[in-house]
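**Student:** got a predicted structure plus its sequence, pasted below:
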Amino acid sequence: MARQLIFIINPLAGHGRGKSVWETVQKALNQQNEHYEYFITHYRGHTGEIVHQLLMNHDPETLLIVAVGGDGTVHEISNALTFQPNIPVGYIPAGSGNDFARGHDIAKDPLQALERILTKRHAPLHTIDIGVYSLSQSANHQPHFVNGLAIGFDGAVTKKANESKFKGFLNKYKLGGLSYPLLALKLLSSYQPHKLTIAIDGKQHTYDNTWLVAVNNIPFYGGGIKIVPHSIPNDGIMNVCIIHNIPKWKILFVFAAVMLGAHQSIKGVTFLEGADINITSDTDMIIAADGEIIGTTPIHIAVQSNMRYIV
Ligand SMILES: Nc1ncnc2c1ncn2[C@@H]1O[C@H](COP(=O)(O)OP(=O)(O)OP(=O)(O)O)[C@@H](O)[C@H]1O
């Protein structure tokens with residue numbers, strides 16, 4: 001039996017792009033006489049509530065949920081489906097970052113992305129890993145990420161970007177991509193690196209003066225930065241990039257290399273990989289999961305392989 005198409009749309013994603021992308025998609029669906037239901041989100045957290053409502057009123061075996069929005073929308077849908085891993089998720093990118101789309105070769109063009117969902121929905125679905133994390137303060141539930149974690153300096157930049165009106169202002173002029181580098185520059189003068197210990201599949205590593213740690217299931221974060229170029233979304237492991245022991249005067253060059261994807265052989269840039277990761281630090285490091293702030297270190301991450309079906 002064909003699954004019922006359910007669209008969940010964040011109209012504000014990508015500074016209003018969500019609304020216009022949905023209008024384009026809806027027109028195409030109507031032209032093709034597709035049967036579908038749709039829900040527009042009205043506030044932060046609404047996406048999860050919509051999914052929970054759907055699960056109460058529908059047989060999960062009959063659902064195909066399509067996110068129209070940014071990485072935050074995919075993140076929320078996936079988390080709301082924690083106990084329903086068999087419900088496939090499709091994605092039509094409309095955010096400002098759209099790393100999930102990049103990481104899974106989903107077209108930026110909404111009609112191409114829709115076409116992929118409509119043609120692939122009857123084919124065997126493919127699965128991706130997810131990173132299940134626990135913070136000391138939320139040990140009872142097991143939230144997860146689909147793209148990755150940004151810990152330390154980049155977590156702090158994400159926090160500033162999410163709090164400031166600056167990102168929205170730049171988005172208005174289609175310069176949203178500049179918000180992270182500009183905020184990073186501003187934060188750099190006051191930021192102090194941390195002493196960090198990472199235990200990965202039982203092996204412990206300690207780094208003094210750690211600027212940032214990225215734990216990723218896909219190569220990209222921060223809207224297209226190829227932080228762990230060799231990451232594969234369904235290999236059962238997370239890829240980790242640690243930037244440490246680099247003097248402040250030099251860190252700008254390293255960040256520039258990261259932006260260009262040319263950081264792989266720089267001294268002080270370490271790559272690790274594994275399925276069970278425990279991170280502690282001397283003082284709290286801010287953590288963002290799929291671009292949303294979730295708390296501070298310490299954090300434990302476990303990979304659940306082949307967890308989420310993607311159309
Ligand atoms: N109507 C709404 N009003 C305010 N916030 C919303 C609304 N709908 C969804 N949100 C919240 O907006 C946050 C960001 O959404 P999303 O990631 O889709 O867009 P984005 O930030 O523009 O894209 P990206 O993450 O790719 O940069 C999510 O955490 C979501 O809960």
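**Tutor:** Here it is on my side, so go on. Predicted model, so just to flag it, every value in this text is computed and none were measured.
**Student:** and the residue in the stretch 51-200 of the chain positioned nearest to the ligand, how many neighbours?
**Tutor:** In the stretch 51-200 of the chain, the residue found nearest to the ligand is residue 70; the distance is 1.9 Å by Cβ to the nearest ligand atom. From N, CA and C alone the C-beta is placed, and that goes for glycine too. For residue 70, the neighbour count with other Cβ atoms under 10 Å is 27.
**Student:** list the contacts for it?
**Tutor:** 10, 13, 14, 18, 93, 94, 95, 96, 97, 98, 291 (Cβ atoms under 8 Å, 6 or more residues apart in numbering).
**Student:** in CSV, list those residues along with neighbour count.
**Tutor:** Below are these laid out as CSV (neighbours: other Cβ atoms under 10 Å):
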residue, neighbour count
10, 26
13, 26
14, 21
18, 24
93, 30
94, 30
95, 27
96, 22
97, 25
98, 23
291, 24
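**Student:** leaving out chain neighbours, which residue sits closest to the residue of the stretch 51-200 of the chain closest to the ligand?
**Tutor:** Nearest non-adjacent residue to residue 70, counting by Cβ to Cβ, 6 or more residues apart in numbering: residue 95, 1.9 Å away.
**Student:** that older thread, nearest to residue 155 among the contacts of residue 70?
**Tutor:** Relative to residue 155, the closest of the contacts of residue 70 is residue 291; by Cβ to Cβ it sits at 10.3 Å.
**Student:** so the closest one touches residue 100, yeah?
**Tutor:** No - contact criterion Cβ atoms under 8 Å: residue 291 and residue 100 do not qualify, at 9.9 Å.
**Student:** any common contacting residues for the two?
**Tutor:** Counting by Cβ under 8 Å, 6+ apart, the contacts common to residue 291 and residue 100 are 71, 147.
**Student:** picking up where we left off before, which members of the contacts of residue 70 additionally contact the ligand?
**Tutor:** 10, 13, 14, 95, 96, 97, 98, 291 (Cβ under 6 Å from any ligand atom).
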